[in-house]
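Trainee: test case, fold it:
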Amino acid sequence: MNIENNPQFLHQLFPRTLRVDSTVFMFCERNHTVGSGFGERLRQERLERTLTQGELGGALYSASYISLLESGHREPTVEIIKALSQQLQLSSHTLHAWAQTASPQECEYLVASLNAWQCWDTRDFLGAAHNAENAAIKASSSMDAVMWWNMTYLQATALLRNSDLTEAVDILSRLLEHPLTAECDSLNLRARQVMAAALLGMGRLNDAILHASLAVEIGAGASEEQAAAYLIALQTLIGALAESGQLEEAWNYCLTLNDVLTEATPAQTAGEMHWVIGNVAFFRNDVTQGIHHHSLASRLLSPAQDLARWAQFNKATAWVRLAAGVVEKDTLQAIERSELAHSVVGASATESLEVSLLRARWLYLNRELPKALDLLTIVNAQKEHLGSHTAGDTALLLGQVLKAMDRTDDALLAFADAKTLFTEAGAGDRISQALDSIVELSSSRQAPDAP
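Mentor: Here you go, the predicted model:
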């Protein structure tokens with residue numbers, strides 16, 4: 001099967017928002033004559049295109065008749081299928097497939113897939129991963145490779161959102177080896193982008209750059225349908241390059257990202273793009289550009305639309321501001337917003353530690369050393385939950401705090417730990433920072449006292 005010519009499958013790819021409808025379960029229980037939930041799928045495709053029932057029906061069918069089709073109270077004829085396929089820009093073959101009698105096996109994995117998406121909608125990422133895995137197993141038994149791919153992808157993405165990065169990488173590795181992924185650039189792009197994000201979270205920066213670069217290469221010149229995945233891949237590549245210290249290359253990609261921004265770019269998407277550009281500007285010590293882009297991001301990103309992303313943005317903007325030495329009211333507000341939003345959405349162990357690390361850096365820069373040390377001791381004791389580069393940041397900051405408290409031996413141990421972790425992550429500039437700290441502290445300890 002040529003997946004590139006199967007728009008129905010491409011439209012079902014992550015991310016989308018589905019909710020379990022009682023009509024779907026009724027259909028599965030009764031083995032309704034309209035197969036595979038024709039009405040439910042029709043409704044999903046219409047809503048995804050933000051069409052009203054009247055707009056979908058056009059001049060041929062009334063809104064009430066479309067409603068009857070979606071609720072399963074009317075069965076589609078060949079003529080109706082042809083007309084609706086043109087409205088939805090789907091092949092007639094795709095809609096015909098929806099209208100076939102469903103087998104009990106198809107009902108099972110349809111229900112499992114809807115359960116997975118319901119868990120996703122409620123941020124129950126472990127539940128989403130479990131149900132997606134169940135749906136993928138059932139789809140594989142029924143030889144439905146399309147549903148298997150879709151659910152396996154959702155499983156990996158849910159695990160990523162739950163910070164189960166190692167398991168997500170294992171699943172994505174299998175997904176990348178699958179024939180469907182190999183024959184379809186759209187699937188390859190998405191799988192590699194998520195793989196890059198998982199590797200970045202683990203601190204495997206070089207591997208993250210490799211997969212993100214391949215995703216960007218695949219997505220360059222992508223169709224409008226695939227443009228969103230390309231932009232996410234580009235942002236992931238920029239983040240990995242910046243974390244590894246390749247700031248000029250990251251900035252060049254930021255310029256590419258900035259050129260893509262138009263007035264037609266959705267506000268949430270534009271906000272995330274300004275967020276990434278601002279991050280790199282701060283890393284380059286271009287504070288003016290950093291504040292400019294993060295101010296735009298702050299206005300565009302909506303906590304009402306995605307509170308979790310808003311929490312992450314505030315965490316990120318506070319972190320890069322502190323790294324650039326910007327210790328002022330707006331930075332403290334970003335820290336407090338991040339702490340509050342993460343407490344509302346329910347932070348993972350990794351996110352909680354990162355927020356604590358952020359607060360510890362603020363305390364250190366404001367010379368509240370004992371409080372900073374208490375927080376860092378807690379975070380450092382749980383560094384297995386952090387990516388190598390973030391664990392390295394924790395050890396480096398711990399060394400700086402201990403140095404400021406004249407605990408030289410302990411500081412040297414912390415700096416050595418930071419060097420090891422940065423080396424593991426491939427963060428070249430921060431390896432140098434840790435080494436410089438070790439050399440400086442060792443030299444000052446060995447220097448003779450002045451007369």
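Trainee: for A242, which non-adjacent residue is spatially closest?
Mentor: A250 (4.4 Å; CB to CB, 6 or more residues apart in numbering). From N, CA and C alone the C-beta is placed, and that goes for glycine too.
Trainee: backbone phi and psi for A242, please?
Mentor: phi -60, psi -40 (degrees, to the nearest 10).
Trainee: what residues are up against it?
Mentor: 250, 279-280, 283 (CB atoms under 8 Å, 6 or more residues apart in numbering).
Trainee: correct me, but E249 touches L237?
Mentor: No: when contacts are counted by CB atoms under 8 Å, E249 is not listed as touching L237 (9.2 Å).
Trainee: between those two, who's got more neighbours?
Mentor: L237 (28 against 15; other CB atoms under 10 Å).
Trainee: pull out the buried positions in stretch 214-230.
Mentor: For stretch 214-230, the buried set under the neighbour-count rule, 16 or more other CB atoms under 10 Å, comprises 214-216, 218-219, 222, 226, 229-230.
Trainee: equivalent analysis for stretch 406-413, please.
Mentor: Neighbour count says stretch 406-413 has 410-412 buried, by 16+ other CB under 10 Å.
Trainee: excluding its backbone neighbours, what's nearest S244?
Mentor: Per CB to CB, 6+ apart, closest to S244 is L205, 4.2 Å.
Trainee: from L358, how far out is that neighbour?
Mentor: Distance of L205 to L358, computed by CB to CB, to the nearest Å: 20 Å.
Trainee: neighbour count winner among those two?
Mentor: When L205 and L358 are compared for neighbours, L205 comes out ahead with 27 against 22, by other CB under 10 Å.
Trainee: contact partners for the more buried one?
Mentor: Taking CB under 8 Å, 6+ apart, one finds 199, 240, 243-244, 389, 425-427 in contact with L205.
Trainee: redo that, cut-off 6 Å
Mentor: By CB atoms under 6 Å, 6 or more residues apart in numbering, the contact list for L205 reads 240, 243-244, 425-426.
Trainee: go on, A434?
Mentor: 396, 415, 418-419, 422.
Trainee: residues near K138, how many?
Mentor: Counted with other CB under 10 Å, K138 comes out at 22.
Trainee: and it, what element?
Mentor: Assigned by DSSP states H and E, K138 falls within helix 125-141.
Trainee: now that helix: how far from the chain's centre is it?
Mentor: 19 Å (CA atoms, centre = their mean, to the nearest Å).
Trainee: elements contacting the helix or strand just after it?
Mentor: With elements assigned by DSSP H and E, the helix or strand that comes after helix 125-141 is helix 145-161. Under the contact criterion of 3 or more CB pairs under 6 Å, 6 or more residues apart in numbering; DSSP states H and E, helix 145-161 touches helix 125-141, helix 165-177.
Trainee: may I ask which two of the buried residues of stretch 214-230 are separated the most?
Mentor: Greatest spatial distance among those (CB to CB): L214 and Q226, at 14.5 Å.
Trainee: residue boundaries of the helices in the stretch 1-150 of the chain?
Mentor: For the stretch 1-150 of the chain, helices defined by DSSP state H, counting those that start in this stretch occupy the ranges 7-11, 22-30, 38-48, 53-57, 63-71, 78-88, 92-98, 104-121, 125-141, 145-161.
Trainee: go through the ones you listed and pick out the most buried.
Mentor: For these, the largest average neighbour count (mean count of other CB atoms under 10 Å) is found in helix 145-161, namely a mean of 23.
Trainee: could you dump the buried residues of stretch 406-413 into CSV and include secondary structure, distance to V146 and pLDDT?
Mentor: CSV is the format used below for the buried residues of stretch 406-413 (DSSP: H, G, I helix; E, B strand; the rest coil; distance: CB to CB, whole Å; pLDDT from 0 to 100):
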residue, secondary structure, distance to V146, pLDDT
D410, helix, 56, 96
A411, helix, 56, 95
L412, helix, 56, 95
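Trainee: distance to Y65 for those residues - can I get that in JSON lines?
Mentor: Shown next, in JSON lines, are the buried residues of stretch 406-413 (distance: CB to CB, whole Å):
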{"residue": "D410", "distance to Y65": "75"}
{"residue": "A411", "distance to Y65": "75"}
{"residue": "L412", "distance to Y65": "77"}
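Trainee: and which of those residues is nearest L210?
Mentor: L412 (34.1 Å).
Trainee: and that closest one, how far is that from T77?
Mentor: When L412 is compared with T77 (using CB to CB), they lie 79 Å apart.
Trainee: same thing with T350?
Mentor: 53 Å.
Trainee: ok, Y109 next?
Mentor: For Y109 relative to T77 (CB to CB), the value is 28 Å.
Trainee: L358 too?
Mentor: 60 Å.
Trainee: swap in V276?
Mentor: From V276 over to T77 the distance is 49 Å, taken as CB to CB.
Trainee: could you do F313 as well?
Mentor: Relative to T77, F313 is positioned 50 Å away (CB to CB).
Trainee: compare these two (neighbour count), which wins?
Mentor: Ranked by neighbour count (other CB under 10 Å), F313 and T77 place F313 first, with 27 against 10.
Trainee: I'd say the more buried one and W275 touch.
Mentor: Yes: counting by CB atoms under 6 Å, W275 is a contact partner of F313 at 5.5 Å.
Trainee: farthest pair within the contacts of A434?
Mentor: Taking CB to CB, no two of the contacts of A434 sit farther apart than F415 and F422, at 10.4 Å.
Trainee: got any ranges where this protein has weak pLDDT?
Mentor: 1-37, 48, 90-107, 222-225, 446-451 (pLDDT under 70).
Trainee: would you map out the domains in it?
Mentor: 3-103, 348-451 (automatic domain parsing).
Trainee: out of those domains, the one nearest E336 is which?
Mentor: Between the domains of the chain, domain 348-451 lies closest to E336; by CB to CB that is 9.4 Å.
Trainee: and the closest one, how far out from the chain middle?
Mentor: 28 Å.
Trainee: cool, and stretch 188-203?
Mentor: So, by CA atoms, centre = their mean, the centroid of stretch 188-203 is 9 Å from its chain's centroid.
Trainee: which outside residues touch that stretch?
Mentor: With contacts defined as CB under 6 Å, 6+ apart, stretch 188-203 is touched by 157, 160, 165, 168-169, 172, 175-176, 181, 207-208, 211-212, 214-215, 218-219, 229, 232-233, 236, 240, 387-389, 425.
Trainee: which residues touch stretch 244-253?
Mentor: Under CB under 6 Å, 6+ apart, the answer for stretch 244-253 is 205, 238, 241-242, 280, 283-284, 426-429.
Trainee: between which two of those residues is the distance greatest?
Mentor: Taking CB to CB, the two most distant members of the contacts of stretch 244-253 are R284 and G426; they sit 19.3 Å apart.
Trainee: those two: who's more crowded?
Mentor: Between R284 and G426, G426 has the larger neighbour count (other CB under 10 Å), namely 21 against 17.
Trainee: so that one sits right up against N206, yeah?
Mentor: Yes: between G426 and N206 there is a contact under CB under 6 Å: 4.4 Å.
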